[in-house]
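**Student:** Could you work out the structure for the sequence below:
(one chain, ligands or ions: 1)
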Amino acid sequence: MASLLSDTEIQKRFSQLSGWTVEGNQLRCTWEFKDFIAAIAWVNKLVEPSEAAAHHPDIEISYNKVTVNLTTHDAGGLTEKDFALAQQISQLD
Ligand SMILES: C[C@H](O)[C@H](O)[C@H]1CNC2=NC(N)=NC(=O)C2=N1
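**Tutor:** Sure, this is the predicted structure:
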């Protein structure tokens, strides 16, 4: 199982991410799209990197807005897996 990051480690990795916030045990970022169809099309792009990493975001969808929440449920907080997947998600079109 991935190990929990210390506050210092979280700060270091967080400073390399753009657009995300740390809220409690979660990394969180919201994207806005033209409409619901575009939002869902983008959500579908999350499937491949998430499955490849065996790590899965919690996703909130509200019409054209998608909020992605990342945490490592098994570890009870943020691990390297969350930051790695956040970087990959940020690089999607
Ligand atoms: C066995 C399997 O790899 C685990 O249950 C994985 C699956 N996806 C997961 N995703 C997230 N976000 N946190 C986890 O702890 C987690 N655990």
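**Student:** all helices in the chain, in order from the N-terminus.
**Tutor:** Residue ranges of the helices in the chain, as given by DSSP state H, are 7-14, 36-45, 47-53, 80-90.
**Student:** so which of these is the most packed in?
**Tutor:** helix 80-90 (a mean of 19; mean count of other Cβ atoms under 10 Å). C-beta: built from backbone N, CA, C; applies to glycine.
**Student:** what angle do that helix and helix 36-45 make?
**Tutor:** Counting by axes from the mean of the first three to the mean of the last three Cα atoms, to 10 degrees, helix 80-90 points 140 degrees away from the direction of helix 36-45.
**Student:** How far does helix 80-90 sit from its chain's centre?
**Tutor:** Centroid separation for helix 80-90 versus its chain: 6 Å, with Cα atoms, centre = their mean, to the nearest Å.
**Student:** and that helix, C-alpha only, in PDB?
**Tutor:** Extracted C-alpha coordinates of helix 80-90, given in PDB (Å, rounded to 0.1, in the frame of the first residue of the first chain):
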ATOM      1  CA  GLU A  80       2.200   9.700  -4.100                       C
ATOM      2  CA  LYS A  81      -0.500   8.000  -6.100                       C
ATOM      3  CA  ASP A  82      -2.800  11.100  -5.700                       C
ATOM      4  CA  PHE A  83      -0.200  13.500  -6.900                       C
ATOM      5  CA  ALA A  84       0.900  11.300  -9.800                       C
ATOM      6  CA  LEU A  85      -2.700  10.900 -11.000                       C
ATOM      7  CA  ALA A  86      -3.400  14.700 -10.600                       C
ATOM      8  CA  GLN A  87      -0.400  15.500 -12.800                       C
ATOM      9  CA  GLN A  88      -1.700  13.100 -15.500                       C
ATOM     10  CA  ILE A  89      -5.200  14.500 -15.300                       C
ATOM     11  CA  SER A  90      -3.900  18.000 -15.600                       C
END
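**Student:** Fine by me, thanks again.
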